[in-house]
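> need coordinates for the below:
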Amino acid sequence: PVVWLLQIDGPISPASADYFISNLKDAERAGAALFVLELDTPGGLDRAMRDMVKAILASSVPVATYVAPSGSRAASAGTYLMYASHVAAMAPATNIGSSTPVSIGGESPFPMPGANRPKPSDTSPVRSESGKPGAAASQATGSSAGEASDKDKSATAPPTGSTMERKVVNDAVAYIRSLAQLRGRNPQWAEKSVREAANLSASDALAGGVIDLIATDLDNLLRQLNGRKLQIDGKPVTLALGNATVHRVTPGWRYEVLSLITDPNIAYILLMIGIYGLILEVFHPGTGVPGVVGVICLLLAAYALQMLPISYVGLALILIGTGLMLAETFAPGFGVFGIGGAIAFVIGSVMLMQTDLPAYQISLPIIAAFAAASVAVFVFVIGAAMKSRTRKVVSGRESMLGDHAQVIADFLDHGLVRLHGEIWQAHSKVPLTKGATVRVVGMVDLVLNVEPKEQS
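Numbers count the residues shown, from 1 in each chain. Prediction:
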């Protein structure tokens, strides 16, 4: 038998979901005896987690999620993956829990009804997936035999939180309870993990029927699973893992690229490079390099952003802010569009990621750097425009206005003058004498209008 081993160390992201799902399908085609997901995660995105759960539930290969090595955790989205797996295992000195949706829970998690009342411990056995009674839930698990009555007593209590918060939390509770009931694990603690962000150590999780076993390493895990009976698609399956070989999955270029561009900071940088590349191509057409680079970066940014939880209001503010700073270079007034654009740009950048997960926030120094660079370009362009307006014209017809010329011969009305070493036809309303100095006051076609210097 061959056991596939895939490791995820970090947030559950679109890249890790694609990495897991594609390799799980490969394991099914290869006829693997077991697929082990070695997990250490602080949580991640809801959509990516649900895609992974769907793949586990539809898998014809048993999936064992193993929180390892010691010191690792299966927090937030990792808890759902543990409950969805056919086998849930943890190494010593690991923990599980904190499944509250942080984007709406934040610092005020939606409380579980009756959570502040003392509860008797639940002594009813929790049945594992194999049908064998599990260990009794200890008081530390937070489950209680009288919990249902507590809920009934608090049913008339006024709801806490907004309607949207209650909808999202209740949806998460129903989701994780359904996974617990499917796999025969503790649904009461699963609900507490969502409503109260509860956590358990590995030993407490085993005692409370949250996980199936504790294994010190992969070999120990395989020895404990050898001969274990599971339900796969409603059919009993006995794991035969004697002398099993382990196929370790290594990340390919697709995972590396997806991990890179779906990093919020990289996606933000690609978006900015794309926008400024197109602007540079519009103002300096012909080279093609800024336009090509801008289009490629914009496409990569669009692909990354559609996989991330972005705020379209924030994206609109970024585009509006960039447009306002660009419009400042053409506006007759100075400062209004530029300052407003910079403010909109910064606010939109902060709002771009619509989640409270720290791993998916855009770094403030990066936002500040792009904002400062944009303002610097704006100030440079405006400063150059201001200087160009006050600088004397050095070429063309306008450059000769106000210059001094010398009369070549006496004339009345029409004659010749010398200007900048060239001989020009000239027109004057007063008689001029040879050698007199005149000032150019106008030009009609190729004839200069001049007047005596004294008169001017």
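> contacts and neighbour counts: CA atoms only from here.
Noted.
> flag the shaky bits of the stretch 201-350 of the chain, pLDDT-wise.
Within the stretch 201-350 of the chain, the stretches with pLDDT under 70 are 285-286, 329, 331-335.
> which parts of it are strands?
For the stretch 201-350 of the chain, strands defined by DSSP state E, counting those that start in this stretch occupy the ranges 213-214, 229-232, 235-238, 245-248.
> make JSON lines out of these and add mean neighbour count and distance to residue 93.
Output for the strands of the stretch 201-350 of the chain, formatted as JSON lines (neighbours: other Cα atoms under 10 Å; distance: least, Cα to Cα, whole Å):
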{"stretch": "strand 213-214", "mean neighbour count": "20", "distance to residue 93": "10"}
{"stretch": "strand 229-232", "mean neighbour count": "17", "distance to residue 93": "26"}
{"stretch": "strand 235-238", "mean neighbour count": "12", "distance to residue 93": "29"}
{"stretch": "strand 245-248", "mean neighbour count": "14", "distance to residue 93": "24"}
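> from residue 431, how far out is the residue located most distally from the centre of the chain?
Ranked by distance from the centre of the chain (Cα atoms, centre = their mean), the top residue is residue 410, with 80.4 Å. Distance of residue 410 to residue 431, computed by Cα to Cα, to the nearest Å: 8 Å.
> report the central residue of the chain.
Geometric centre of the chain, nearest residue: residue 264, 3.3 Å, by Cα atoms, centre = their mean.
> quick check: that one touching residue 361?
Yes - Residue 264 lies in contact with residue 361 (Cα atoms under 8 Å); the separation is 6.6 Å.
> which residues do the two both contact?
Common contacts of residue 264 and residue 361, defined by Cα atoms under 8 Å, 6 or more residues apart in numbering, comprise residue 353.
> rewinding a little: can you pull the contacts of the residue farthest from the centre of the chain?
431, 432, 433, 434.
> give me that answer again for 7 Å
432, 433, 434 (Cα atoms under 7 Å, 6 or more residues apart in numbering).
> contact partners for the last one?
In this case it means residue 434. For residue 434, the contacting residues are 407, 408, 409, 410, by Cα under 7 Å, 6+ apart.
> which helix or strand contains it?
According to DSSP states H and E, residue 434 maps onto no helix or strand at all.
> in space, what's closest to it - neighbours in sequence excluded?
Once flanking residues are discounted, residue 434 sits nearest to residue 409: 4.4 Å by Cα to Cα, 6 or more residues apart in numbering.
> ok, back up a step: find the nearest non-adjacent residue to the residue farthest from the centre of the chain, please.
Counting by Cα to Cα, 6+ apart, the nearest residue to residue 410 once its immediate chain neighbours are dropped is residue 433, at 4.3 Å.
> count of residues packed around the one you found?
Close neighbours of residue 433, defined as other Cα atoms under 10 Å, add up to 14.
> separation between it and residue 220?
Between residue 433 and residue 220 the computed distance is 114 Å (Cα to Cα).
> now do the phi/psi pair for residue 85.
Backbone torsions for residue 85, taken as degrees, to the nearest 10, come to phi -70, psi 150.
> follow-up on the earlier one: for the residue nearest to residue 410, grab phi and psi.
Taking degrees, to the nearest 10, you get phi -110, psi 160 for the backbone angles of residue 433.
> so it makes contact with residue 408?
No - applying Cα atoms under 7 Å as the test, residue 433 and residue 408 come out as separate, 8.3 Å apart.
> which strands and helices lie in contact with the strand or helix carrying residue 27?
If you go by DSSP H and E, residue 27 is part of helix 14-30. Counting contacts by 3 or more Cα pairs under 7 Å, 6 or more residues apart in numbering; DSSP states H and E, helix 14-30 is packed against helix 46-58, helix 253-261.
> redo those helices as a markdown table? Include mean neighbour count and distance to residue 15.
Shown next, in a markdown table, are those (neighbours: other Cα under 10 Å; distance: least, Cα to Cα, whole Å):
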| stretch | mean neighbour count | distance to residue 15 |
| --- | --- | --- |
| helix 46-58 | 18 | 8 |
| helix 253-261 | 15 | 5 |
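> and those helices as a markdown table, adding distance to residue 283?
Listed next are those as a markdown table, based on distance: least, Cα to Cα, whole Å:
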| stretch | distance to residue 283 |
| --- | --- |
| helix 46-58 | 41 |
| helix 253-261 | 28 |
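> for the stretch 301-450 of the chain, just list every one of the helices.
312-327, 336-351, 364-390 (DSSP state H, counting those that start in this stretch).
> report the buried residues of stretch 432-449.
Neighbour-count burial for stretch 432-449 flags 432, 437, 438, 439, 440, 442, 443, 448, 449 (criterion: 16 or more other Cα atoms under 10 Å).
> roughly how far is that stretch from the heart of the chain?
Its chain's C-alpha centre and that of stretch 432-449 lie 68 Å apart, by Cα atoms, centre = their mean, to the nearest Å.
> start and end of it, how far apart?
Stretch 432-449 has an end-to-end distance of 13 Å (Cα to Cα).
> what mean pLDDT does it get?
Per-residue pLDDT over stretch 432-449 has a mean of 84.
> list the contacts for the residue lying closest to residue 296 once chain neighbours are set aside?
With Cα to Cα, 6+ apart as the criterion, residue 296 has its nearest non-adjacent residue at 7.2 Å, and that residue is residue 274. Residues in contact with residue 274 (Cα under 7 Å, 6+ apart) are 293, 294, 295, 297, 298.
> what about the residue nearest to residue 353 when sequence neighbours are not counted, how many neighbours?
Excluding its sequence neighbours, the residue lying closest to residue 353 (Cα to Cα, 6+ apart) is residue 310, at 4.5 Å. As a burial measure, residue 310 scores 17 neighbours (other Cα under 10 Å).
> so what's residue 310 up against?
Residue 310 makes contacts with 352, 353, 354, as judged by Cα under 7 Å, 6+ apart.
> what do you get if the cut-off is 8 Å, keeping everything else the same?
Contacts of residue 310 by Cα under 8 Å, 6+ apart are 352, 353, 354, 355.
> tell me the contacts of the nearest residue in space to the first one that is not next to it in sequence?
Of all residues beyond its chain neighbours, the one nearest residue 352 is residue 314 (4.5 Å), with distances taken as Cα to Cα, 6+ apart. Contact analysis of residue 314 by Cα under 8 Å, 6+ apart lists 347, 348, 349, 350, 351, 352, 353.
> between the residues you listed, which is nearest residue 67?
For these, the residue nearest residue 67 by Cα to Cα is residue 353; the value is 28.5 Å.
> ok, that closest one - contacts?
Residues in contact with residue 353 (Cα under 8 Å, 6+ apart) are 264, 308, 309, 310, 311, 314, 360, 361, 362.
> and it, how far from residue 194?
Taken as Cα to Cα, the span from residue 353 to residue 194 is 23 Å.
> also residue 324?
To residue 194, residue 324 is 44 Å away according to Cα to Cα.
> and those two? which has more neighbours close in?
Comparing residue 324 with residue 194 by neighbour count (other Cα under 10 Å), the higher total belongs to residue 194, at 28 against 21.
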